[in-house]
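Visitor: sequence plus the predicted model coming up.
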Amino acid sequence: MKNDNNKLRVMIRTMMAEQGVTMKQVAELINEKYPNPDDPVKATDITNKLQRQTLRLNEAIRIADVLGYDIVLKKRGLDPDTDFKTNLLEYAIRLLQEDQGKTV
């Protein structure tokens, strides 16, 4: 588990480098998008949580969000494009058949 959080730290640092932002800027972006005047996010809080490997999932989602990324969970072994297209095609065929009074 700790090793996975280290990977998360590297991923977040990589996203920040790609966007050319500092940790202070990330904290400011989070506070703008998700205001909490009673407990604003500080750059040192994020840095410490990444260092201690205690960053929560909702915090990682917010960081990714303000940097323009999504965190996606997907079933292993599935091709989301193919499976979605197949399911969508089957759904469209079923709708057309229902419109014509035929059921599958």
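Guide: Ah, there it is.

Visitor: next, count neighbours for Val26.
Guide: When neighbours are counted by other CB atoms under 10 Å, Val26 registers 22. To be clear about C-beta, it is placed using only N, CA and C from the backbone, and glycine gets the same treatment.

Visitor: could you do the one 10 residues further on as well?
Guide: Counted with other CB under 10 Å, the burial measure for Asn36 works out to 9 neighbours.

Visitor: per-residue confidence at it?
Guide: Asn36 carries a pLDDT value of 93.

Visitor: ditto for the one 5 residues further on
Guide: Model confidence at Val41, expressed as pLDDT, equals 97.

Visitor: what do you get for the one 5 residues further on?
Guide: The score at Ile46 is 97. That number is its pLDDT.

Visitor: same question, Asp83
Guide: 61.

Visitor: ok, now Met23?
Guide: 97.

Visitor: mind listing what it touches?
Guide: Met23 makes contact with 16, 43, 46-47 under the criterion CB atoms under 8 Å, 6 or more residues apart in numbering.

Visitor: inside strands: which ones of those?
Guide: Using DSSP state E, no member of the contacts of Met23 falls within strands.

Visitor: ok, which stretches of the protein are helices?
Guide: 2-19, 23-33, 43-52, 57-66, 80-99 (DSSP state H).

Visitor: relative to helix 2-19, how tilted is the third one?
Guide: This points to helix 43-52. 140 degrees (axes from the mean of the first three to the mean of the last three CA atoms, to 10 degrees).

Visitor: helix 43-52 - contacts with which helices or strands?
Guide: helix 2-19, helix 23-33, helix 57-66 (3 or more CB pairs under 8 Å, 6 or more residues apart in numbering; DSSP states H and E).

Visitor: starting at the chain centroid, how far to the longest one?
Guide: Yep, that's helix 2-19 we're talking about. Offset of helix 2-19 from its chain centre (CA atoms, centre = their mean, to the nearest Å): 13 Å.

Visitor: over to the last one?
Guide: Offset of helix 57-66 from its chain centre (CA atoms, centre = their mean): 6 Å.
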